[in-house]
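Undergrad: fold the following for me, if possible:
(chains A and B)
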Amino acid sequence: MNLLKAPITDQNIILKLIPQRPPIVMVDALLYFDDTKVVSGLTITNDNMFVDNGIFTEPGLIEHMAQTVALYTGYHFYIQNIPAPEGYIGAIKGVTINKLPEIHQQIETEVEILHEVLGVTLVKGTTKLNGETIVTAQMKTVLKQDA
Amino acid sequence: MNKEVIIEKINDFLIDEFEVEAEDLSPEANLKEALELDSLDFVDLVVAVEANFGVKLVGEDFINILTLQDFYDLIENKLS
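TA: Have a look, this model is predicted:
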């Protein structure tokens, strides 16, 4: 069940949920959130740093998926009124990219939390463009530990 | 499932998924060293255990796990 009353598209709120800052913000909407799943959105703009000749390139798609995980973590802490810790991608495997989006198109990425163990989160991500799956991958993300 | 079957099943997926040799899997071997586990690999171990035994491990389960024997005992206790 979606725990959001409405999708979050206010960029000021999105920036509160993730540690990244422009020009490397690769999510612009939080569309769904529950305990084990999150869905983000991104409309590809011409000034996106990962756009090349009007095409959103592979590193951008991976960063978008990683920031979707960051949104999950960020919102999880946000609703508890706790500052979200920073995280990073520990590993990526099984990446399949079938298609690259173009500018003005909107992509949506669903990330399912498979396991969380000892600060490492294993997730399965699926990115869709107009309902068509264009990227699938598994990622391990790691929360930064305080020194 | 008796202990011998559990150990055999564990060793099978360790050999298969962590690419270790059967002769390296002695009960007294250090789990982390035998499997060359880094912090990211523990989640793979959790996934493998759940896939093979239907048991979900959490971080706290690994606190007292030093040897493979400890790991065998952990799974046996979870199944009992």
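Undergrad: for chain A, which residues are neighbours of chain B?
TA: Listed as neighbours of chain B in chain A under the rule C-beta under 8 Å from any C-beta of the partner chain: A:Gly90, A:Ala91, A:Leu114, A:His115, A:Val117, A:Leu118, A:Gly119, A:Val120, A:Thr121, A:Leu122, A:Lys140, A:Val142. For the C-beta atoms, the positions are set from N, CA and C on the backbone; glycine is no exception.
Undergrad: give the contact list for B:Lys78.
TA: Counting by C-beta atoms under 8 Å, 6 or more residues apart in numbering or on different chains, B:Lys78 makes contact with B:Phe53, B:Val55, B:Leu57, B:Asp61.
Undergrad: that one and B:Val43, how far apart?
TA: 17 Å (C-beta to C-beta, to the nearest Å).
Undergrad: ditto for B:Asp61
TA: 13 Å.
Undergrad: with neighbour numbers in mind, choose between these two.
TA: Just comparing B:Asp61 and B:Val43: by other C-beta atoms under 10 Å in any protein chain shown the higher neighbour count belongs to B:Val43, 24 against 19.
Undergrad: my read is that that one contacts A:Val123, right?
TA: No: between B:Val43 and A:Val123 there is no contact under C-beta atoms under 8 Å: 10.2 Å.
Undergrad: now the common contact residues for those two.
TA: A:Lys140.
Undergrad: and the helix or strand containing A:Leu30, how far out from the chain middle?
TA: A:Leu30 is part of strand A:29-33, with elements assigned from DSSP states H and E. Offset of strand A:29-33 from its chain centre (C-alpha atoms, centre = their mean, to the nearest Å): 10 Å.
Undergrad: cool, stretch A:19-31 as well?
TA: For stretch A:19-31, the distance to the chain centre is 8 Å (C-alpha atoms, centre = their mean).
Undergrad: in what helix or strand does the most centrally placed residue in chain A lie?
TA: Of all residues in chain A, the one closest to the mean position by C-alpha atoms, centre = their mean is A:Thr68, 1.4 Å from it. Using DSSP H and E, the element containing A:Thr68 is helix A:58-78.
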